[in-house]
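**Q** Sharing a sequence plus its predicted fold:
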Amino acid sequence: MQKVTERISALRAEMERNGLSAYLIPSSDPHMGEYVPDFWQARSYFSGFTGSAGTLAVLRDRCGLWTDGRYFIQAEHQLAGSGIELFRMGVRGVPACSEFLAESLRKGDTAGFDGRMLSAADVESMKEKFEEKGIGVRSADLITPLWKNRPLPPATAVYLHGDEYAGLSCAQKLGQVRAGLKKDGADCQIYSRLECVAWLCNIRASDIEYTPVAVSYAAVFMDRAVLFLDAPRLRPGVREYLEKNGVTLREYGEIEPFLKNLTGEKTVLVDPEGTNYELYRILKENPSCKVKKGADLVIGLKAVKNRTEIENFRKAHVRDGCAMAEFCADLEKRLKQGETVTECTVCDLLREARARQESNRGESFATIAAYRENAAMMHYSPKPDTCKTLEQSGLLLIDSGGQYPEGTTDITRTFALGPVTQEEKKHYTWVLKAHIALATAVFLEGTTGGNLDMVCRGQIQKHGIDYRCGTGHGVGMFGGVHEGPQSIRTKNDVILRSGMNVTNEPGIYEEGKHGIRTENLMLVTDAMENEYGRFLRFEILTCFPIDKEPILPELLTKEEIAWLNEYHSRVYRTLSPLLSGETLEWLRKKTLPLITK
């Protein structure tokens, strides 16, 4: 922890020189992304906490780190000895970061932050809270002068994601955006989110590990579109495609001067949550621009998959199911032969199995292979020097996914490696019941993810247990493994529409004991229409068995058993023609009907 304490001391000295009483370092970059390139991993650098979500607040005499339930255990371990207090978000009595600062700072104090790292919405909210207390805010980059040996910004090769995968050309997508601008009475919109720029322009790169996006911005006007991306990165044919589709290129660093120099009266539609404060401030200060707050149009468009994308998603999940089957058959064989297999071995074997699949472009996130009590940490990451060795007993949770031009996958399975406890069987079955409840839901058009959350979560809560995360999230088209705006979580108010996808992943996490999660990706599709309205349901895209060994059949209804058996029958029919030998035999056994007494 010495490096962390030294870095915090240096930051405090810099704060003093700049007249700041507090400094915020979020887990973000100028593009408001969930997964942040190393160049912008300042929160990790200064705190030592490596989770993907969290905010560090440094005051003169206190330090705090806020993170959510996925990372409570990890954060407690990584912050030990650093002098940084852990604030568990969502726990009763724990103040939000802005509330803590408002209470801790005095009238006349100023809180600082790099305006490129916070959204306009976050800064505006903070200003509102602080003004009542006479506390000021100021954008100031204190990170650059202090971060020695900082990694370089990402600059991987940019290539096309063909129309045969995307279903629509870049020009067609621009047409959809312009129709939205016209409807909203706006002249343009700036896109900062990397997955939005990638989808809009049909381009991909590897600037973020596991997520095929390029660090870039886009600006769409009624008569032109501009992509801010360094031209030397483009592979042959990309520039020609973009120009043919009406997109001109500017260097990445030109976004701020471009917005400062916009002329002619323009109404700019701005999503405050997806636009960093610095760009927002520039637009507000440009007399030629009238800022109109509104939704990011691309997010809404890309959330509803077109027919081509849907068919490609189905193909991606078949390939991923084959990879998972080959991996599981191999893992089971190794364990039976007495080989030493660790959590890290699992990650390696699964990555290699996916790499053997046609068109695989790597993983969609770092595989979580968590054995026994390690699985209680929802985003546990095994390390070579600390990972557990698997035994032929207990539960193993594997959360993983693949990237394919046809789509992005995300699947979690919990496996019994041998005998498990009665409590583990009971919890496993409760999670399965929750999973089936959501998988079989039929709901009226107009239903939100928030409305559906309790359909699933309620199956767990009735036993006096809860999971400190959402029930499901959207997944990108060869993009981010977490893409909204739709999700299954209590506070999500986005209406689910036919063509959207969402994961189904309830769980039970008992610290020091075990963690259990079962996750499939589902597609929202039409169910029926009658005098009551239009009803929707879910099509299951994930194509891989659910382990039957830990199930207590007596806790399942006849309908739940029928659903599981039908799901396994479909998995076998789909995957069996593509597999052979030991893998095919493994699949046959794992998809046999559940035996009940």
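**A** Received, thanks. Residues are numbered from 1 along each chain as shown.

**Q** hang on, residue 190 is in a helix, isn't it?
**A** No - according to DSSP: H, G, I helix; E, B strand; the rest coil, residue 190 belongs to no helix; its state is strand.

**Q** ok, what's across the strand from it?
**A** On DSSP bridges, the residues paired with residue 190 through beta bridges are residue 219.

**Q** for it, what are its contacts?
**A** Under the criterion of C-beta atoms under 8 Å, 6 or more residues apart in numbering, the contact list for residue 190 reads 217, 218, 219, 255, 259, 268, 270, 275, 279, 283. For glycine as for every other residue, the C-beta is placed from the backbone atoms N, C-alpha and C.

**Q** between those, which is nearest residue 592?
**A** Distances from the contacts of residue 190 to residue 592 were compared by C-beta to C-beta; the smallest belongs to residue 218, at 50.6 Å.

**Q** need the helices for the stretch 351-500 of the chain, in chain order.
**A** Taking DSSP state H, counting those that start in this stretch as the criterion, the stretch 351-500 of the chain carries its helices at 422-439, 449-461.

**Q** now the most centrally placed residue in the chain, nearest residue through space, not along the chain?
**A** Most central residue of the chain, judged by C-alpha distance to the mean C-alpha position with C-alpha atoms, centre = their mean, is residue 482 at 2.8 Å. Spatially, and ignoring its direct neighbours in sequence, residue 482 is nearest to residue 473 (5.0 Å; C-beta to C-beta, 6 or more residues apart in numbering).

**Q** where's the one you found relative to residue 153, distance?
**A** Relative to residue 153, residue 473 is positioned 28 Å away (C-beta to C-beta, to the nearest Å).

**Q** Torsion angles phi and psi at the residue nearest to the centre of the chain?
**A** The main-chain torsion angles of residue 482 are listed as degrees, to the nearest 10 and equal phi -120, psi 110.

**Q** Quick one, grab the pLDDT at it.
**A** The predicted structure scores residue 482 at 95 on the pLDDT scale.

**Q** So it is in contact with residue 472, correct?
**A** No - shown here, residue 482 and residue 472 do not form a contact pair, counting by C-beta atoms under 8 Å, at 10.4 Å.

**Q** what about residue 473 and residue 153, which has more around it?
**A** Neighbours per residue, other C-beta atoms under 10 Å: of residue 473 and residue 153, the larger number sits with residue 473, 23 against 15.

**Q** Enumerate every residue touching the more buried one.
**A** Applying C-beta under 8 Å, 6+ apart, the residues contacting residue 473 are 482, 483, 484, 487, 488, 489, 502, 503.

**Q** hey, what's it bridged with?
**A** Going by DSSP bridges, residue 473 forms beta bridges with residue 487.

**Q** Let me know the pLDDT of it.
**A** Value for residue 473, per-residue pLDDT: 98.

**Q** Could you say which of the helices of the stretch 351-500 of the chain is packed most deeply?
**A** Among those, helix 422-439 has the highest mean neighbour count (mean count of other C-beta atoms under 10 Å), at a mean of 21.

**Q** now the angle from that one to helix 449-461?
**A** Using axes from the mean of the first three to the mean of the last three C-alpha atoms, to 10 degrees, the interaxial angle of helix 422-439 with respect to helix 449-461 works out to 160 degrees.

**Q** Could I get the average pLDDT for helix 422-439?
**A** For helix 422-439, the per-residue pLDDT averages 98.

**Q** got the CA coordinates for it in PDB?
**A** In PDB, the C-alpha atoms belonging to helix 422-439 read as follows (Å, rounded to 0.1, in the frame of the first residue of the first chain):
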ATOM      1  CA  GLN A 422     -27.800 -29.700   0.800                       C
ATOM      2  CA  GLU A 423     -27.700 -25.900   1.200                       C
ATOM      3  CA  GLU A 424     -25.900 -25.600  -2.100                       C
ATOM      4  CA  LYS A 425     -28.400 -27.800  -3.900                       C
ATOM      5  CA  LYS A 426     -31.300 -25.800  -2.400                       C
ATOM      6  CA  HIS A 427     -29.800 -22.400  -3.400                       C
ATOM      7  CA  TYR A 428     -28.900 -23.700  -6.900                       C
ATOM      8  CA  THR A 429     -32.500 -24.900  -7.400                       C
ATOM      9  CA  TRP A 430     -33.900 -21.500  -6.100                       C
ATOM     10  CA  VAL A 431     -31.700 -19.700  -8.700                       C
ATOM     11  CA  LEU A 432     -32.900 -22.000 -11.400                       C
ATOM     12  CA  LYS A 433     -36.600 -21.400 -10.500                       C
ATOM     13  CA  ALA A 434     -35.900 -17.600 -10.600                       C
ATOM     14  CA  HIS A 435     -34.300 -18.000 -14.000                       C
ATOM     15  CA  ILE A 436     -37.200 -20.000 -15.400                       C
ATOM     16  CA  ALA A 437     -39.700 -17.500 -14.100                       C
ATOM     17  CA  LEU A 438     -38.200 -14.800 -16.200                       C
ATOM     18  CA  ALA A 439     -37.500 -17.000 -19.200                       C
END
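
**Q** outside of that helix, which residues touch it?
**A** Outside helix 422-439, the residues within contact range by C-beta under 8 Å, 6+ apart are 394-395, 414, 420, 452, 455-460, 463, 465, 471-472, 488, 504-508, 510, 513-514, 516-518, 520, 522, 538, 540, 546, 550-552, 555-556, 560, 563-564.

**Q** Stretch 85-100 too?
**A** 24, 55, 57, 62-69, 72, 75-76, 79, 103, 125-126, 129-130, 468.

**Q** what do you get if the cut-off is 10 Å, keeping everything else the same?
**A** Applying C-beta atoms under 10 Å, 6 or more residues apart in numbering, the contact partners of stretch 85-100 are 22, 24, 26, 49, 53-57, 59, 62-69, 71-72, 75-76, 78-80, 101-104, 111, 122, 125-130, 468-469.

**Q** Among the residues you listed, which lie within helices?
**A** Members of the contacts of stretch 85-100 lying in helices (criterion: DSSP state H): 72, 75-76, 78-79, 101-104, 122, 125-130.

**Q** Buried subset of those residues, written for ChimeraX?
**A** A single ChimeraX command suffices to select whichever of the ones in helices among the contacts of stretch 85-100 are buried according to 16 or more other C-beta atoms under 10 Å:
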select :72,75,78,79,101,102,104,122,126,130
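
**Q** Looking at the ones in helices among the contacts of stretch 85-100, which is nearest residue 291?
**A** Nearest to residue 291 among the ones in helices among the contacts of stretch 85-100, with distances taken as C-beta to C-beta, is residue 127, at 15.6 Å.

**Q** ok, that closest one touching residue 133?
**A** No - the pair residue 127 / residue 133 is not scored as a contact, 11.2 Å apart, by C-beta atoms under 10 Å.

**Q** re the thing from before, joint contacts of residue 482 and residue 472?
**A** When C-beta under 10 Å, 6+ apart defines a contact, the residues bordering residue 482 and residue 472 alike are 410, 503.

**Q** residue ranges for the helices of the stretch 101-250 of the chain, please.
**A** Counting by DSSP H, counting those that start in this stretch, the segments of the stretch 101-250 of the chain that form helices are 120-131, 143-146, 163-166, 170-183, 194-201, 238-244.

**Q** So which of those helices is the most surrounded?
**A** When you average the neighbours per residue for each of those (mean count of other C-beta under 10 Å), helix 194-201 leads with a mean of 26.

**Q** Alpha carbons of that helix, as CSV, please.
**A** What follows is the C-alpha trace of helix 194-201 in CSV, where atoms were taken according to Å, rounded to 0.1, in the frame of the first residue of the first chain:
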residue,chain,number,x,y,z
LEU,A,194,-17.6,4.3,-28.3
GLU,A,195,-20.2,1.5,-28.9
CYS,A,196,-22.5,4.1,-30.5
VAL,A,197,-19.8,5.4,-32.9
ALA,A,198,-18.8,1.9,-33.8
TRP,A,199,-22.5,0.9,-34.5
LEU,A,200,-23.3,4.1,-36.4
CYS,A,201,-20.2,3.9,-38.7
